[in-house]
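[1] sequence-free structure coming up:
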């Protein structure tokens, strides 16, 4: 644990809150000091939920440490059960209360409550939020997903078909992983439900999202499990496979190709024809980005350099989409999810880049600045980093702020999710090009600030325009400084020891380069000049450097 301005994940009890808030009929009693109640705002203010999390805090203060804090916890637990009447009770401690070592699990058990009590031991000083969500989900399922003895040792191969291979019922699956405060989990779930319905697969239980404790007892009845978010669901999926023989999916349906791979995997687990399933899925959804891929305009995207950072699920998926569907060049790939570091390293190795496994935002910022990409795909923090560096950015992963919990339908998964990805990633690049063009023509007689809107006939008088153009021509002829939008300076640079100087015409030419690659062009040109002992960079030097680095 360390003091920092920004953290990609909260402590593990926040992960437990995400699971409890996603479910119905569950209450979480958290042994915590008064200051730890800030977590409520994550759900009400940022995710914009219409109810506060189902959490009761003991809210002890410094003066209470000399008293019986264990009795405070038991009183809070007893009152929470009486007031909220949950079907199951979660009990645990925040990172601060963990130091007191009051043992919430043992204290709750001593109360003799008539509902299931799930004790959560979440080591706050060794683990973080996503692990806390995964462990909480696992402990709830482990206690509540009791195998129905009447079902026997069922597997999906024997329960779906009679002896004559006639289907007895539609294949059923569970969907595992969606939680509160998850990045687009609500819309992803809607999209995947539609996708499964299109190929004839029924959904038995969705968990933790809106599941009740009694629903978890039905998890073993499904034929297989769909894992949408491995950070949350891998532990539960492995447990259900080990205890009940349920297989689970591994493909994450983010992007066109990955969605088709997901449909094929589901079809195989459901004993359906994979090709037919893909055909049905394609027919049910429109991939509106496909036409653009076949157009000449799409060549604008080819070779764009992209840096990707986020949780493992979204970072891995984004890297595959960027490299295989968008035609981007992935120049950076990283994640703060240390539990999935091996997956990140394997994909980075196949892309021939160095992986970044870190939860230090300053280290991430340094890596982005060094890579000098055309586009950053990351979390809310990478949005801030990219803004400081003047690089277009799109948010692809939690943690995010309120604008990435939209009221509209905006999934990341499935075929509609592929459309959303296309818009989200391409628009920052297109707007960057538009901003460059606006800057490039800012001094034009038709587009300068004094000119009115052209569609309203609001041009400056022709005589004024002619005089303005003549004045600019005279200024250029006289050799006075010319105002070039975006250029650092159009007069000769001030001398700096060891750094080549820029001639006025070279600075002016540099200003014509799009702002989002101008810094890289300047650095390359200065390195080119330094290596060759060139003291003054001219326009010719700039183009020689461009040709050199384009080889």
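    That came through fine. Quantities reported herein were computed from a predicted structural model and do not represent experimental measurements. Numbers count the residues shown, from 1 in each chain.

[2] so what's the backbone phi/psi at residue 242?
    When quoted as degrees, to the nearest 10, the phi and psi of residue 242 stand at phi -70, psi -40.

[3] and it, how many residues sit next to it?
    By other Cβ atoms under 10 Å, the residues close to residue 242 number 9. Placement of C-beta: from N, CA and C, glycine included.

[4] Quick check: the residue most central in space within the chain vs residue 229, distance?
    In the chain, the centroid-proximal residue (Cα atoms, centre = their mean) is residue 397; its distance is 0.8 Å. In this view, residue 397 and residue 229 are 11 Å apart by Cβ to Cβ, to the nearest Å.

[5] Could you do residue 514 as well?
    Residue 514 is 37 Å from residue 229, by Cβ to Cβ.

[6] elements contacting the helix or strand that contains residue 362?
    Secondary structure from DSSP states H and E places residue 362 in helix 361-371. Counting contacts by 3 or more Cβ pairs under 8 Å, 6 or more residues apart in numbering; DSSP states H and E, helix 361-371 is packed against strand 305-310, strand 329-335, strand 355-357, helix 380-389.

[7] Pull out the buried positions in it.
    Neighbour-count burial for helix 361-371, with 16 or more other Cβ atoms under 10 Å as criterion, is recorded at 361, 364-365, 367-368, 371.

[8] burial count for residue 83?
    Neighbour count of residue 83, defined by other Cβ under 10 Å: 10.

[9] Look up how far residue 27 lies from it.
    For residue 83, the distance to residue 27 (Cβ to Cβ) stands at 9 Å.

[10] Domain ranges for the chain, per the record?
    With domains defined by automatic domain parsing, the chain comprises 12-127, 172-285, 290-440, 481-550.

[11] Which of the ones you listed sits closest to residue 138?
    With distances scored as Cβ to Cβ, the stretch of those nearest to residue 138 is domain 172-285 (4.2 Å).

[12] tell me the pLDDT at residue 232?
    Reading off the confidence values, residue 232 has pLDDT 96.

[13] Now do the buried residues in the host helix or strand of it.
    Using DSSP H and E, the element containing residue 232 is helix 230-244. Going by neighbour count (16+ other Cβ under 10 Å), the buried part of helix 230-244 is 230-237, 239-240, 244.

[14] I'd like the next helix or strand past it.
    That would be, after helix 230-244 and using DSSP H and E, helix 256-269.

[15] how about that next one: buried residues?
    256, 258-267, 269.

[16] go on, stretch 126-138?
    Within stretch 126-138, the residues that count as buried by 16+ other Cβ under 10 Å are 127-138.

[17] any idea which of those residues is closest to residue 222?
    residue 137 (16.2 Å).

[18] was I right about the closest one contacting residue 208?
    Yes - using Cβ atoms under 8 Å, residue 137 is in contact with residue 208, at 5.7 Å.

[19] quick one on the thing from earlier: just flag the most distant two among the buried residues of helix 230-244.
    Taking Cβ to Cβ, no two of the buried residues of helix 230-244 sit farther apart than 231 and 244, at 22.3 Å.

[20] can you confirm residue 316 is in a helix?
    Yes - Residue 316: assigned to a helix according to DSSP: H, G, I helix; E, B strand; the rest coil.

[21] ok, the closest residue to residue 323 other than its chain neighbours - how many residues close by?
    Counting by Cβ to Cβ, 6 or more residues apart in numbering, residue 323 lies nearest to residue 330, which is 5.3 Å off, once chain neighbours are set aside. Neighbour count of residue 330, defined by other Cβ under 10 Å: 23.

[22] what is residue 330 paired to in the beta sheet?
    Counting by DSSP bridges, residue 330 is bridged to residue 306.

[23] Please report how far it lies from residue 278.
    Taken as Cβ to Cβ, the span from residue 330 to residue 278 is 26 Å.

[24] contacting residues for the residue nearest to residue 237 when sequence neighbours are not counted?
    Spatially, and ignoring its direct neighbours in sequence, residue 237 is nearest to residue 248 (4.2 Å; Cβ to Cβ, 6+ apart). Counting by Cβ atoms under 8 Å, 6 or more residues apart in numbering, residue 248 makes contact with 176, 224-227, 237, 240-241.

[25] cool, residue 367 as well?
    Applying Cβ under 8 Å, 6+ apart, the residues near residue 367 are 307, 332, 334, 356.

[26] of those residues, closest to residue 53?
    residue 334 (30.4 Å).

[27] Correct me if wrong: the closest one contacts residue 361.
    No - contact criterion Cβ under 8 Å: residue 334 and residue 361 do not qualify, at 11.2 Å.

[28] okay, now residue 550: neighbour count?
    Neighbour tally, residue 550, other Cβ under 10 Å: 6.

[29] Quick check: phi and psi on it?
    Torsion angles, degrees, to the nearest 10, at residue 550: phi -90, psi -10.

[30] Also residue 91?
    The phi/psi pair for residue 91 (degrees, to the nearest 10) is phi -130, psi 140.

[31] ok, residues contacting stretch 530-539?
    498-503, 505-506, 509, 525-526, 528-529, 541.

[32] What is the end-to-end distance of that stretch?
    16 Å (Cα to Cα, to the nearest Å).

[33] With stretch 403-421 instead?
    16 Å.

[34] One more: stretch 190-204?
    End-to-end for stretch 190-204, by Cα to Cα: 14 Å.

[35] OK, contacts around residue 246?
    156, 174, 220, 222-225, 237, 240.

[36] ok, 10 Å please
    By Cβ atoms under 10 Å, 6 or more residues apart in numbering, the contact list for residue 246 reads 154-156, 173-174, 219-225, 237, 239-240, 269.

[37] Mind giving me the PyMOL select for the residues you listed, buried ones only?
    One line in PyMOL is enough to select the buried members of those, burial here meaning 16+ other Cβ under 10 Å:
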select buried, resi 154+156+173+174+219+220+221+222+223+224+225+237+239+240+269
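
[38] how would you label the nearest residue to residue 327 once chain neighbours are set aside: helix, strand or coil?
    On the basis of Cβ to Cβ, 6+ apart, the spatially nearest residue to residue 327 that is not a chain neighbour turns out to be residue 302, at 4.3 Å. Three-state call for residue 302 (three-state DSSP): coil.

[39] pLDDT score for residue 302?
    78.

[40] Looks like it contacts residue 326 (just checking).
    Yes - contact criterion Cβ atoms under 10 Å: residue 302 and residue 326 qualify, at 8.7 Å.

[41] Between the two, which has more neighbouring residues?
    Using other Cβ under 10 Å as the criterion, residue 302 and residue 326 rank with residue 326 on top: 23 against 10.
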